[in-house]
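K.L.:
sequence below, structure please.
(one chain, ligands or ions: 1)
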Amino acid sequence: MDLKTTLTHDKIELPNNFFQNIQKYKEHLFKWNKIHNLTGAKSEQTINEFIYDAVFPVSFLPKVDSLLDIGTGAGFPGMILAFALPHTEVTLVEPLTKRASFLQFVKADLGLDNVQVVKKRVEEMQPKVFDLITSRAVTDTKMLLRLSKNFRDAHSKLLFYKGEKVFDEIETDIDIKHKIIETKNRHYLLLGEEL
Ligand SMILES: C[S@@+](CC[C@H](N)C(=O)[O-])C[C@H]1O[C@@H](n2cnc3c(N)ncnc32)[C@H](O)[C@@H]1O
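P.N.:
Here you go, the predicted structure:
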């Protein structure tokens, strides 16, 4: 996949320095991933697919001032969204030392003023309301709703990156409005009282 061509074709609005940041991020990820097991995505092709998957929601998300990404791992989707949304304060919560250190290194090296890395489990964070909460490949929807309780109010939106299992997950007692945005490889589950 040629990431730039695909994103330009999809008319996804991105800041001027987005691809510069992506280039540096990928270089760091390749180096760190050789030593530490940061992500299963090893080839450039797979990493480009992960980046596309992370950033695609910019095409349908409302403007948000603050974002919490639960379990960012090596950067998906929170770090990629932070490159795409430089005016959004992005908090990345990740308990594993190596992954949190990598995120902190990327923040420092790329000079990302809008990123904060919290090396904790989300349950250990002080309560605070965010406009948007994201999460990919961490746990099921019911548990994510439980884990995010202290970090949202009636105005907040949640965006969970899901596969086809999403249909089973939303059949259980979820008492919040939702929409599913489907692409070829992804079911984006958007939730919120005000949808
Ligand atoms: C399978 S990885 C997915 C990482 C990344 N979101 C991605 O899609 O590539 C799950 C991540 O969630 C983190 N995690 C697990 N439980 C968590 C919790 N309670 N709070 C915050 N992060 C958690 C793990 O440390 C791990 O890095």
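
K.L.:
what about Arg146, how many neighbours?
P.N.:
For Arg146, the count of nearby residues is 11 (other CB atoms under 10 Å). Where you see a C-beta, it was placed from the backbone N, CA and C, and this is true even at glycine.

K.L.:
tell me how many other residues crowd Leu195.
P.N.:
By other CB under 10 Å, neighbour count at Leu195 equals 10.

K.L.:
that one - nearest residue in space that isn't next to it in sequence?
P.N.:
The shortest distance from Leu195 to any non-neighbouring residue, by CB to CB, 6 or more residues apart in numbering, is to Lys177 (4.3 Å).

K.L.:
got a pLDDT number for the one you found?
P.N.:
Looking at Lys177, its pLDDT reads 94.

K.L.:
then the worst-scoring helix or strand of the chain on mean pLDDT to PDB, C-alphas only?
P.N.:
Within the chain, confidence by mean pLDDT, DSSP states H and E is lowest for helix 166-171 among all helices and strands, at a mean of 89. Taking C-alpha atoms only, helix 166-171 is exported to PDB below (Å, rounded to 0.1, in the frame of the first residue of the first chain):
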ATOM      1  CA  VAL A 166     -18.700  -6.400  17.100                       C
ATOM      2  CA  PHE A 167     -22.200  -7.600  16.200                       C
ATOM      3  CA  ASP A 168     -22.100 -10.200  19.000                       C
ATOM      4  CA  GLU A 169     -20.600  -7.700  21.400                       C
ATOM      5  CA  ILE A 170     -23.300  -5.000  20.900                       C
ATOM      6  CA  GLU A 171     -26.100  -7.600  21.300                       C
END
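
K.L.:
you'd agree Ile181 is in a strand?
P.N.:
Yes. Under DSSP: H, G, I helix; E, B strand; the rest coil, Ile181 falls within a strand.

K.L.:
beta-bridge partners for it, please?
P.N.:
Tyr188 (DSSP bridges).

K.L.:
what about it, neighbour count?
P.N.:
Here the count is done by other CB under 10 Å, and Ile181 has 15 residues near it.

K.L.:
quick check: chain neighbours aside, which residue is closest to the most centrally placed residue in the chain?
P.N.:
Geometric centre of the chain, nearest residue: Pro77, 2.3 Å, by CA atoms, centre = their mean. Excluding the flanking residues, the one nearest Pro77 by CB to CB, 6+ apart is Ala54, at 3.5 Å.

K.L.:
confidence score at the residue sitting furthest away from the middle of the chain?
P.N.:
The centre of the chain is farthest from one residue, Asp173, which by CA atoms, centre = their mean lies 24.8 Å away. Listed pLDDT for Asp173 reads 71.

K.L.:
which bits of this structure sit near the ligand?
P.N.:
39, 70-74, 76, 93-96, 99, 121-123, 136-138 (CB under 6 Å from any ligand atom).

K.L.:
out of those residues, which are inside strands?
P.N.:
The strands, defined by DSSP state E, take in 70, 93, 136 from the residues of the chain next to the ligand.
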